[in-house]
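Could you look at this predicted model? Sequence included:
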Amino acid sequence: ALLSIARSLVLLPPPCLRRAGLATMSWAKEVDRSGVTFVNSFADPRGMPFSPLPEVTLVGRSNVGKSSLVNMVLGRRAIAYTSKTPGKTQQYNYFAVNEGRAVGSFHLVDMPGLGFAKVAAPLRARWNAFLSEYFASRRELRMVVHLIDSQVPLQETDVSIMQMVGAAVAARSEQEGSGLAPPLDYAVVLTKADKNDGRVSSRTVDQVRRALESAGCPAATPLVPSSAKTRMGREAVWMLLREVMSEVRLEES
């Protein structure tokens, strides 16, 4: 059975966005392509910058299409390097979006692809240890966007990411109001949907939903079908980012 985009995607802008007027704005009006800049790459996560801007991170397995999604959503053909070689992105790539705006500016982080066999085991272990801490305690981080290949069965690496996110969401909820890390939003983007005529199978959706539930992730976690090739899902992904765009800037520490 096939689940169409319209049936698998239900996203409603929260009240804060409707009040701010962001809910009615289109991707073309909101994205200032001239205000999108590559900030830096960091081989060591300890070098990641502290900033008053909210942060969104893209995470997923190697070759799932993270860099392609960055290019599609930001409207820049090659601001993020893409490669057909799995595991090519092995650094933490930082981008500033809508830079200079009083409202709507944020940082987008393209994480190294996980689960690639040719990456040395010690490096993979360091990445996983960092991600757990990053999800749970990074004050700037407001949303994790998890990319999953819609054309293959759910992989162990994806389940591991869900478990880390589930634990982080719970930990940050307990800390709410303490002045530590704020609550964390989470969304799943199902990539390469163009290979199945713009659809994602109900089997895949059910498998992802069951895994999310087992990992303790929010029941309302959005699932967004996408394709960098056809630009499917660009507006929907941007709608997810609107909540981050409405965040007030963090206080300098």
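That came through fine. Residues are numbered from 1 along each chain as shown.

C-alpha from now on. contacts and neighbour counts both.
OK.

need the helices for this protein, in chain order.
5-8, 15-20, 27-30, 66-74, 121-137, 156-175, 202-214, 234-245 (DSSP state H).

Just put those in a markdown table and tack on distance to residue 36.
As requested, those are exported to a markdown table (distance: least, Cα to Cα, whole Å):
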| stretch | distance to residue 36 |
| --- | --- |
| helix 5-8 | 28 |
| helix 15-20 | 22 |
| helix 27-30 | 12 |
| helix 66-74 | 7 |
| helix 121-137 | 24 |
| helix 156-175 | 27 |
| helix 202-214 | 32 |
| helix 234-245 | 14 |
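
Identify, out of those, the most deeply packed stretch.
helix 66-74 (a mean of 23; mean count of other Cα atoms under 10 Å).

Compare the helices of the chain and report which one is nearest to residue 186.
Judged by Cα to Cα, the one of the helices of the chain that comes nearest to residue 186 is helix 156-175, at 7.7 Å.

circling back to that earlier point, kindly reformat the helices of the chain as JSON lines and extend each row with mean pLDDT and distance to residue 112.
As requested, these are exported to JSON lines (pLDDT from 0 to 100; distance: least, Cα to Cα, whole Å):
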{"stretch": "helix 5-8", "mean pLDDT": "36", "distance to residue 112": "28"}
{"stretch": "helix 15-20", "mean pLDDT": "38", "distance to residue 112": "31"}
{"stretch": "helix 27-30", "mean pLDDT": "51", "distance to residue 112": "26"}
{"stretch": "helix 66-74", "mean pLDDT": "81", "distance to residue 112": "9"}
{"stretch": "helix 121-137", "mean pLDDT": "82", "distance to residue 112": "8"}
{"stretch": "helix 156-175", "mean pLDDT": "92", "distance to residue 112": "13"}
{"stretch": "helix 202-214", "mean pLDDT": "94", "distance to residue 112": "22"}
{"stretch": "helix 234-245", "mean pLDDT": "80", "distance to residue 112": "20"}
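
between the ones you listed, which one is nearest to residue 47?
Judging the helices of the chain by Cα to Cα, what sits closest to residue 47 is helix 121-137, at 12.3 Å.

ok now that closest one, how far from the chain's centre?
Distance of helix 121-137 from the chain centroid (Cα atoms, centre = their mean, to the nearest Å) equals 16 Å.

any idea how far the residue lying closest to residue 141 once chain neighbours are set aside lies from residue 142?
Leaving aside its sequence neighbours, residue 141 sits nearest to residue 55 (Cα to Cα, 6 or more residues apart in numbering; 4.6 Å). Using Cα to Cα, to the nearest Å, residue 55 is found at 6 Å from residue 142.

quick one: common contacting residues for those two?
Counting by Cα atoms under 8 Å, 6 or more residues apart in numbering, the contacts common to residue 55 and residue 142 are residue 244.

Identify the residues contacting residue 99.
If you count contacts by Cα under 8 Å, 6+ apart, then residue 99 has 35-37, 105-106 around it.

any idea how far it is from residue 238?
Residue 99 is 16 Å from residue 238, by Cα to Cα.

And residue 214, by the same measure?
27 Å.
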